[in-house]
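**Q** What follows is a predicted protein model with its sequence.
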Amino acid sequence: MKSFVSRASFAGIAVVLASSVLSVGAASAQVFTERDTTYQLNTTGGLANTTTNYDNVITLPNGGGNQIGGTLTFRTGAQNMVIDTTGAVTTTYTVPPLGTPSEVGDIVNGDGTPGSNTGGTFHFAYDLNNGPDFGASFTVSEVLSGHNVLHFSGGGTGLLDQGGIFVDNIFISGDWSASGLFAGAHTGLTFDPSFTLINDFVYLANIDATLLTISNGSYTVDPNINFYLVGDRVGGAVPEPATWAMMLIGFGGLGAAMRRRRAVFAAA
């Protein structure tokens, strides 16, 4: 699977990356030196039809150790999965059948002979459709205040490694910078305070995408990113409960006034 970030000519960028969880079994400190996670959201089909791609690269250093008996857990909507390695790194993980919730395996640096653990990368990625809940995807669509809204919640991996750099990039097709009012707006951004905000919904005109980046120099916690994208007003939108309440009060007042008016006429 090719990362959307490298496709500068990709018109109307494809995909939100949704995260997997890799929980590690026996592991030595600083097995990983860096983790680069990329989420790519394709909103060109509308917020209710956003598609998702998740891409994760973990770097094992020269002389680093192994991750043995880790459980790789997938979102229920995962499809088109890729698992591969580079350099001296090998893995027992294989692409599971569709619908498989998790897989146990190893990430090994070298073949066990002295000096063979020269490092490399472990990579896994998959696509997702917009989900009905966060168990199926990291995006959920809804209607709020008469507008289509996409809620993103993710960034967590479950794989924590003291001393490893963690960079989380989220690319969203189109302009979702602060310059927009409704179509092109974002709101409610939160993430773990130990992370630093690098790119705050910055629009990149050359790829027609908006970038959110946070980073942590020692990823001992999950980033837990949350935000909303606010889209166009829904045609013939259903009023919110508060609006319904005001309308009912208004209708009730109008009815009472008409009853009083009839009573006056009857008396006359």
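**A** Yes, it's here.
**Q** May I see the domains of the protein written out as residue ranges?
**A** Per automatic domain parsing, the structural domains of the chain span 4-237, 240-268.
**Q** Deepest-packed of the ones you listed, please.
**A** For these, the largest average neighbour count (mean count of other CB atoms under 10 Å) is found in domain 4-237, namely a mean of 18. Placement of C-beta: from N, CA and C, glycine included.
**Q** sorry, back to before: need the domains of the chain in a markdown table with mean pLDDT, can you?
**A** Converted to a markdown table, the domains of the chain look like this (pLDDT from 0 to 100):
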| stretch | mean pLDDT |
| --- | --- |
| domain 4-237 | 83 |
| domain 240-268 | 40 |
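**Q** all strands for the stretch 1-150 of the chain, in order.
**A** 21-23, 26-27, 34-42, 51-60, 67-73, 79-87, 89-91, 102-109, 120-129, 139-144, 147-154 (DSSP state E, counting those that start in this stretch).
**Q** I'd like these written out as JSON lines, with distance to residue 176 added.
**A** Below are the strands of the stretch 1-150 of the chain laid out as JSON lines (distance: least, CB to CB, whole Å):
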{"stretch": "strand 21-23", "distance to residue 176": "26"}
{"stretch": "strand 26-27", "distance to residue 176": "37"}
{"stretch": "strand 34-42", "distance to residue 176": "9"}
{"stretch": "strand 51-60", "distance to residue 176": "16"}
{"stretch": "strand 67-73", "distance to residue 176": "29"}
{"stretch": "strand 79-87", "distance to residue 176": "25"}
{"stretch": "strand 89-91", "distance to residue 176": "35"}
{"stretch": "strand 102-109", "distance to residue 176": "33"}
{"stretch": "strand 120-129", "distance to residue 176": "19"}
{"stretch": "strand 139-144", "distance to residue 176": "13"}
{"stretch": "strand 147-154", "distance to residue 176": "10"}
